[in-house]
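Peer 1: no sequence on this one, just coordinates:
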Ligand code: GRF
């Protein structure tokens, strides 16, 4: 099967992007990272992508009058690179409902909480403040409503006594780096079906009644 052409959208550090690039460097991986786009020209992740010889584009959102104009430029770049799947990885711009609908079922995001808990920002501080004992991350399909959409995969990590925000964030980040490449592998490999709010993961034999891959690792 031809490898799916993937664009990763970032705004900053790009460590999840790095994990996806690393996974896609394996010959058996069903996706190739064909483009990395940042809305911030100074994003650290752009340099990392370049160092891996991945095509990059900076589309500074401040240069556009509206979200639609920014997205029109983004769409041009995606089309030129023949992109089939988009992964948001620390991309800090809200996408319009029109754009999201256009990419329905082909647009993933990673969020640093066990959704639907702690949507939005500052998830680790809020998890600590709430006193939860288990925290984690989720890869989900993007829908117009922020941090919602069918969940593909989640990973849970313990909250330890005395954790501060940074310690908890690092533990969650390590889990993010495990599940995002796995989720993209499933999507690019054609193993995912969206049924309402649920994502059904097909087994390797194509029997979608029984998932062979645990969504919680
Ligand atoms: C990650 O925690 C991700 O879940 C969130 O933003 C952070 C991005 O980190 N959406 P990085 O740029 O991938 O290192």
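Peer 2: Noted; the coordinates are in hand. Everything numeric in this text was worked out from a predicted model, so none of it was measured. Numbering: from 1, shown residues only.
Peer 1: so the spatially most central residue of the chain, which of the three states?
Peer 2: Note on the chain: the residue nearest the mean C-alpha position is residue 109, at 3.1 Å, using CA atoms, centre = their mean. Secondary structure assignment for residue 109 (DSSP: H, G, I helix; E, B strand; the rest coil): strand.
Peer 1: mind listing what it touches?
Peer 2: Going by CB atoms under 8 Å, 6 or more residues apart in numbering, residue 109 touches 87, 88, 91, 139, 140, 141, 142, 147, 149. For glycine as for every other residue, the C-beta is placed from the backbone atoms N, C-alpha and C.
Peer 1: just checking, what packs against the longest helix seen in the chain?
Peer 2: Counting by DSSP state H, the longest helix found in the chain is helix 165-188. Applying 3 or more CB pairs under 8 Å, 6 or more residues apart in numbering; DSSP states H and E, one finds that helix 165-188 contacts strand 4-10, helix 15-24, strand 31-38, strand 85-88, strand 107-111, helix 123-130, strand 134-141, strand 151-158.
Peer 1: can you name the residues of this protein that neighbour the ligand?
Peer 2: Residues of the chain lying close to the ligand (CB under 6 Å from any ligand atom) are 10, 12-17, 89-90, 110-112, 137, 173, 176.
Peer 1: from the residues you listed, keep the buried residues only.
Peer 2: 10, 12, 14-17, 89-90, 110-112, 137, 173, 176 (16 or more other CB atoms under 10 Å).
Peer 1: the helices and strands packed on helix 165-188: which one's closest to residue 69?
Peer 2: Taking CB to CB, strand 31-38 is the member of the helices and strands packed on helix 165-188 nearest to residue 69, at 15.2 Å.
Peer 1: and the closest one with helix 165-188, angle?
Peer 2: 130 degrees (axes from the mean of the first three to the mean of the last three CA atoms, to 10 degrees).
Peer 1: in its sheet, what does strand 31-38 sit against?
Peer 2: Using DSSP bridges, strand 31-38 pairs in its sheet with strand 4-10 (parallel), strand 56-58 (parallel).
Peer 1: sorry, back to before: pick the one among the contacts of residue 109 closest to residue 39.
Peer 2: Using CB to CB, the contacts of residue 109 come closest to residue 39 at residue 91, 7.1 Å.
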